[in-house]
Every structure is written in structure tokens, then in C-alpha cells.
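Undergrad: Following is a predicted model, sequence given first.
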Amino acid sequence: GEIRVSDPNWTNLVEYFNVTAEKIDVMPSGEGVSHQFLPPSQILSLSHSIGKVSTSIIDKTSVALTGYVRLDPINVGGNDCPLAGVPVNLLKSNGEVKTVISAPDGFYQFSVSQGE
């Protein structure tokens, strides 16, 4: 993302900023998943003569891939028809297949780490 700094009291030629990345995903269950970043924070300097500075903070957290298995509403009179007990497969980058079974409401979820 991009961060813009505006400080009318900026009087020094160089200012230092502590940049910290934070993100919490709320899962359908209501559980919060806090992401882990590398580095968790950085001190950056910005001068009046250089209007831009770049940095890289990487999210090292696993992410949730979620969805629902349902019949197409067009084919069932516009109804929402979840399908329970359906195997859902995820093909990982190493060729491994991970399988989960859809819940009674058709919901499924995979946890995938970066690079998988």
C-alpha cells in the first residue's frame, strides 16, 4: 500500500517514521487471525528534498481460502441450496493435494501458507 505523510509542523530537514504493518482477518466463525509480518516494523527517514521512500514488509502468515459448495440458483428456481459432505480439493504448488469436506451449510476452508 501507499502511505502519505502530511505534517504542518515538520521543521527538520529529515524526519523519522516508525512504519508498522498490522492486519487481522475475521473468519466466518468470528475468530480473528492476526497476520505476522517480516520485519514487523521499520524506521524510515524522509527528507524534504526526497519526496518518496520505499520499503518492503512481507506478510508471512497463512491465509484462509474459503467458499461454499452450492447448486447453481439458476438451475434450482433461485434457491440457495448448500451441499454438505462434498470433497473439495486444493492442489498445492508441490503437487500435494489437500482435501476438506464441505459442512452442512456447504462451507469449506483451507489454510495455506505463503508459497504453497
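TA: Okay, I see it.
Undergrad: immediately after the lowest-mean-pLDDT helix or strand in the chain, which helix or strand?
TA: Sorted by mean pLDDT, DSSP states H and E, the helices and strands of the chain end with strand 58-59, the least confident at a mean of 77. Elements were assigned by DSSP states H and E; along the chain past strand 58-59, the next helix or strand is strand 63-68.
Undergrad: which strands and helices sit next to that following strand?
TA: strand 107-112 (3 or more CB pairs under 8 Å, 6 or more residues apart in numbering; DSSP states H and E). The way it works is simple: take the backbone N, C-alpha and C, and place the C-beta from them, glycine included.
Undergrad: centre of the chain versus the least confident helix or strand of the chain, how much separation?
TA: The offset between the C-alpha centroid of strand 58-59 and the centroid of the whole chain comes to 10 Å, using CA atoms, centre = their mean, to the nearest Å.
Undergrad: Identify all contacting residues around it.
TA: By CB atoms under 8 Å, 6 or more residues apart in numbering, the surrounding residues in contact with strand 58-59 are A21, K23, H35, Q36, F37, L38, Q114.
Undergrad: Kindly recompute the last result at 10 Å.
TA: Here strand 58-59 makes contact (CB atoms under 10 Å, 6 or more residues apart in numbering) with A21, K23, H35, Q36, F37, L38, P39, Q114.
Undergrad: Show me those that map onto strands.
TA: Taking DSSP state E as the definition of strands, the contacts of strand 58-59 contribute F37, L38.
Undergrad: right, and out of the contacts of strand 58-59, which lies closest to T61?
TA: Proximity to T61 was ranked across the contacts of strand 58-59 by CB to CB; first place goes to H35, at 4.1 Å.
Undergrad: measure the closest one to K60 for me?
TA: In this structure, H35 and K60 are 8 Å apart, going by CB to CB, to the nearest Å.
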